[in-house]
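Participant: Sequence and predicted structure are below.
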Amino acid sequence: MATLKSELGPLEMAVMDFVWDADPREVSVREVLESSVGRQHAYTTIMTILDRLWRKRYLSRRRVGRAYLYRPRIGREQHVQALIEDVLAASSDRRSAMLGFVRGVGEADLEGLRAAIRQVERERRRDR
C-alpha cells in the first residue's frame, strides 16, 4: 500500500466519506460544494481540502478543462487499516493495545470482530 498520512481532520474525513460514497464515479469541487458536506464552506476551502487529500495520496485526480475530477485512491477499509497500524506501531505492547480495543467494543461489535477473524482465517487458508 502507498504510504499515506492516516490522520484526517473532520472536514477531510467528511469529504472522503462523500467521495467514497460516490465511488466509482468521479466528483468535482462543485459537486462536493453543493452537497451537505460542502454547503457551509467556500469553494476555495473545498478545493483546498480535495487538493490536500490528493497530496496525502487519498485521492487521484484528472484534469477536465480547467477543473479536476477526483476519485478515491484508497478505500475506507484501507484507511481504517492504516489508522489501526498507526496505533499498534505506537504501542510498545501490541497485545495490550489490541486487548484494550476488544474490551472497549460492545457485544454486537465483538460478534462482528469474531466474524471478521473467521473470514480472514478462511482467506488465508485459501491463499496458501
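Facilitator: Perfect, thanks for sending it. Residues are numbered from 1 along each chain as shown.
Participant: Now the helix or strand hosting Val102: average pLDDT?
Facilitator: Assessed by DSSP states H and E, Val102 sits inside helix 94-104. The pLDDT scores in helix 94-104 average 92.
Participant: what does the following helix or strand past that helix contact?
Facilitator: Next along the chain after helix 94-104, taking DSSP H and E as the criterion, comes helix 107-127. With contact meaning CB atoms under 8 Å, 6 or more residues apart in numbering, helix 107-127 is reached by 102, 105. Every C-beta, even on glycine, is put in place using the N, C-alpha and C of the backbone.
Participant: Now do the strands in this structure.
Facilitator: Applying DSSP state E to the chain gives strands spanning 27-28, 59-64, 67-72.
Participant: For the second one, give the mean pLDDT please.
Facilitator: It stands for strand 59-64. 97.
Participant: Show me which parts of that strand are buried, residue by residue.
Facilitator: By neighbour count with 16 or more other CB atoms under 10 Å, strand 59-64 contains the buried residues 59, 61.
Participant: from the chain's centre, how far out does it sit?
Facilitator: Taking CA atoms, centre = their mean, to the nearest Å, one finds the center of strand 59-64 at 18 Å from the center of the full chain.
Participant: Neighbouring strands - and their directions - for it?
Facilitator: Paired neighbours of strand 59-64 in the sheet (DSSP bridges): strand 67-72 (antiparallel).
Participant: Please pull out the lowest mean pLDDT helix or strand from the protein.
Facilitator: Lowest on mean pLDDT, DSSP states H and E among the helices and strands of the chain sits helix 76-90, with a mean of 89.
Participant: That one - contacts with which helices or strands?
Facilitator: If you count contacts as 3 or more CB pairs under 8 Å, 6 or more residues apart in numbering; DSSP states H and E, helix 76-90 packs onto helix 94-104.
Participant: what inclination does the helix it packs on have with respect to helix 76-90?
Facilitator: 130 degrees (axes from the mean of the first three to the mean of the last three CA atoms, to 10 degrees).
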